[in-house]
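A.B. asks: what follows is a predicted protein model with its sequence.
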Number of protein chains: 2
Amino acid sequence: MTDIDTHHPLFDLSADIARTLGHAHRLVLLHHIAEGEKAVEQLTELTGLSVANASQHLQGLKRAGLVQTRRDGKRVLYRLGSGPIEALLAALRSLAAYNSVQIRDLIEGSTGRSNLLESITREELLRRMREDSIVLLDVRPEDEFAAGHLPQAINIPLEELENRLAELPREKLVVAYCRGIRCVLSADALAILKARGWVARRFELGFPDWLDAGLAVEGYESG
Amino acid sequence: MTDIDTHHPLFDLSADIARTLGHAHRLVLLHHIAEGEKAVEQLTELTGLSVANASQHLQGLKRAGLVQTRRDGKRVLYRLGSGPIEALLAALRSLAAYNSVQIRDLIEGSTGRSNLLESITREELLRRMREDSIVLLDVRPEDEFAAGHLPQAINIPLEELENRLAELPREKLVVAYCRGIRCVLSADALAILKARGWVARRFELGFPDWLDAGLAVEGYESG
DNA sequence: ACATCATTCAACAGATTGATTGAATGTTTG
DNA sequence: CAAACATTCAATCAATCTGTTGAATGATGT
């Protein structure tokens, strides 16, 4: 069983596909082809590759079934192959984005504290908001959000989070907050986000604390 | 813009990940590690690789962030890295399975007719049912299915198909059928299946025709 | 400190891949 | 039919990847 499982031909097929994706030029070509059928010359212009080199990489993609060709007069047009190719490309990009965020976070975020800490200070939050390097996520119910929230925050109540993950970019650090240090909504949100591959932190304070500190808010009527 | 887009570092990161996945040994190792933390020795037993070779590939996986390590006494334990790795592996396997079905289908299915035909004859259906090389899908409503259906068929009414795709294996050809040649349910099912990357055909006849031909059925009371 | 075990490192030969060059193919136009 | 064009093929060299060998490292137990 081990042997059957280990030498399953699907591993070879998978490796072949992965190896074909394992070159930046081919990924760039695929990226452009995925946006619509393109001729070789167009692709060379878009990528800056030589014609022969582009053709060579395109042959590789074709061999692996990732693209298909069609002749139109003098030109040969490349289009995406059949099967769940876009899903694979999305998954690949998703993991790459995750890793890049993680690396960026390890470098930029070295403010002395351990990066393993799940929470983020008010100072760091303010800095990152200025840098636009985060997505601020308010996980409180809609009505509380409507009554006032941190600037730039987007609202996805905790109960809806799993179904609305698509709204959150993977390229940025997600900072979740709720009502304050005793509120567990944001901690639950972290668990969901991390399990699905996002890089997430928790803002240790909440909207009420933010308000008390006299910082700018949105959607709040002091009257 | 073209240039910025083309030289986006995400392509390099993606290529690095893909290249690392592009070897059957590493995929097999990952497969085992994904099932739970494992020591190097266990992995060599499971895969049949030499210790040094396994270690070398594991280093590659580690460099790409696909696995992480932890020391426990003499042993070094490998576990899956963080991020949406399993999603990527699933997408890769999914495409490989799709391609393998397609290839198998091109070879085995060469019965003279073009493989581009979407429908499958009764003879071919019977043959493939004997070979167990297909999944037979009944897309009629539940009550009709309950009143009688083709042997081995599974029932997913068309309206539920999109939400229940997970029940269908990608490794086999899916043959959808409904009430007969004039019934469009199975044609709609094909569109959904193909769009999501399955390899699917339509059985041109339906349950009533099958019944008329005197072939074996399940769940049908002639009385 | 020593022997032992699990794992990694270093170095080598053989194979594969990537970019470049120039020739070859197939298609349209004059 | 010849010329012009778009693309592919073939051949080359440098760079990288693979698997094997044996030595080196790190942790454990006597």
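C.D. replies: Thanks, I have it. Residues are numbered from 1 along each chain as shown, chains lettered A, B, ... in the order given.
A.B. asks: run the chain-centre distance for the helix or strand where residue A:126 lies.
C.D. replies: Per DSSP states H and E, residue A:126 falls inside helix A:122-131. Computed by CA atoms, centre = their mean, to the nearest Å, the chain-centroid distance of helix A:122-131 equals 21 Å.
A.B. asks: now it: buried residues?
C.D. replies: Of all the residues in helix A:122-131, those buried under the rule 16 or more other CB atoms under 10 Å in any protein chain shown are A:124-125, A:128-129. (Glycine included, C-beta is placed from N, CA and C.)
A.B. asks: dump the C-alpha coordinates for it into PDB.
C.D. replies: Output of helix A:122-131 as PDB, limited to C-alpha atoms (Å, rounded to 0.1, in the frame of the first residue of the first chain):
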ATOM      1  CA  ARG A 122      -1.800  51.400  19.000                       C
ATOM      2  CA  GLU A 123       1.400  53.100  17.900                       C
ATOM      3  CA  GLU A 124       2.100  50.300  15.400                       C
ATOM      4  CA  LEU A 125      -1.400  50.300  14.200                       C
ATOM      5  CA  LEU A 126      -1.300  54.100  13.600                       C
ATOM      6  CA  ARG A 127       2.000  53.800  11.800                       C
ATOM      7  CA  ARG A 128       0.800  51.000   9.600                       C
ATOM      8  CA  MET A 129      -2.400  52.800   8.800                       C
ATOM      9  CA  ARG A 130      -0.400  55.700   7.500                       C
ATOM     10  CA  GLU A 131       1.700  53.300   5.500                       C
END
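A.B. asks: got a list of contacts for the helix or strand immediately after it in the chain?
C.D. replies: Heading C-terminal from helix A:122-131, the first helix or strand you meet, by DSSP H and E, is strand A:134-138. By CB atoms under 8 Å, 6 or more residues apart in numbering or on different chains, the residues outside strand A:134-138 that reach it are A:125, A:128-129, A:145, A:149-150, A:152-156, A:168-169, A:172-178, A:189, A:203, A:207.
A.B. asks: low pLDDT regions in chain A?
C.D. replies: A:1-7, A:102-117, A:195, A:197, A:222-223 (pLDDT under 70).
A.B. asks: residue ranges of the strands in it, please?
C.D. replies: A:38-39, A:67-72, A:75-80, A:119-120, A:134-138, A:154-155, A:173-177, A:200-203 (DSSP state E).
A.B. asks: of all those, which one comes closest to DNA strand C?
C.D. replies: strand A:67-72 (6.0 Å; CB to the nearest atom of the strand).
A.B. asks: in terms of secondary structure, what does that closest one contact?
C.D. replies: helix A:51-63, strand A:75-80 (3 or more CB pairs under 8 Å, 6 or more residues apart in numbering or on different chains; DSSP states H and E).
A.B. asks: in space, what's closest to residue A:9 - neighbours in sequence excluded?
C.D. replies: Nearest in space to residue A:9, with sequence neighbours left out and distances taken as CB to CB, 6 or more residues apart in numbering or on different chains, is residue B:100 at 6.9 Å.
A.B. asks: ok, the one you found - contacts?
C.D. replies: A:9-10, A:13, B:171 are the contacts of residue B:100 under CB under 8 Å, 6+ apart.
A.B. asks: residues contacting the residue nearest to residue A:125 when sequence neighbours are not counted?
C.D. replies: Nearest non-adjacent residue to residue A:125, counting by CB to CB, 6+ apart: residue A:203, 5.6 Å away. Contacts for residue A:203 (CB under 8 Å, 6+ apart) come out as A:119-120, A:122, A:125, A:136, A:175-177, A:186.
A.B. asks: ok, now with 7 Å
C.D. replies: A:119-120, A:125, A:175, A:177 (CB atoms under 7 Å, 6 or more residues apart in numbering or on different chains).
A.B. asks: so which of the residues you listed comes closest to DNA strand D?
C.D. replies: residue A:119 (30.9 Å).
A.B. asks: follow-up on the earlier one: using TSV, lay out the contacts of residue B:100 together with neighbour count.
C.D. replies: What follows is the contacts of residue B:100, written out as TSV (neighbours: other CB atoms under 10 Å in any protein chain shown):
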residue	neighbour count
A:9	10
A:10	17
A:13	23
B:171	17
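A.B. asks: now the longest helix along chain A against strand A:173-177, angle please.
C.D. replies: Longest helix in chain A, counting residues (DSSP state H): helix A:85-108. Per axes from the mean of the first three to the mean of the last three CA atoms, to 10 degrees, the angle that helix A:85-108 makes with strand A:173-177 is 80 degrees.
A.B. asks: would you mark the buried spots in helix A:85-108?
C.D. replies: A:85, A:87-102, A:105.
A.B. asks: ditto for stretch A:67-84
C.D. replies: Across stretch A:67-84, burial judged by 16+ other CB under 10 Å covers A:67, A:77-78, A:80-84.
A.B. asks: can you tell me how far residue A:99 is from residue B:83?
C.D. replies: 6 Å (CB to CB, to the nearest Å).
A.B. asks: and the residue most central in space within chain A, how close does it get to chain B?
C.D. replies: Geometric centre of chain A, nearest residue: residue A:170, 2.4 Å, by CA atoms, centre = their mean. Distance from residue A:170 to chain B, counting by CB to the nearest CB, to the nearest Å: 8 Å.
A.B. asks: that residue is in contact with residue A:92, isn't it?
C.D. replies: No - counting by CB atoms under 7 Å, residue A:170 sits too far from residue A:92 to count as a contact (11.9 Å).
A.B. asks: output stretch A:212-223 as CSV, nothing but the C-alphas.
C.D. replies: C-alpha atoms of stretch A:212-223 as CSV (Å, rounded to 0.1, in the frame of the first residue of the first chain):
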residue,chain,number,x,y,z
ASP,A,212,-11.7,57.6,24.6
ALA,A,213,-8.2,58.4,23.3
GLY,A,214,-9.7,61.1,21.1
LEU,A,215,-8.5,59.5,17.9
ALA,A,216,-10.3,60.0,14.6
VAL,A,217,-13.3,57.8,14.0
GLU,A,218,-15.8,57.3,11.2
GLY,A,219,-19.5,57.1,11.3
TYR,A,220,-19.8,58.3,14.9
GLU,A,221,-22.2,61.1,16.0
SER,A,222,-21.0,62.5,19.3
GLY,A,223,-24.4,64.2,19.8
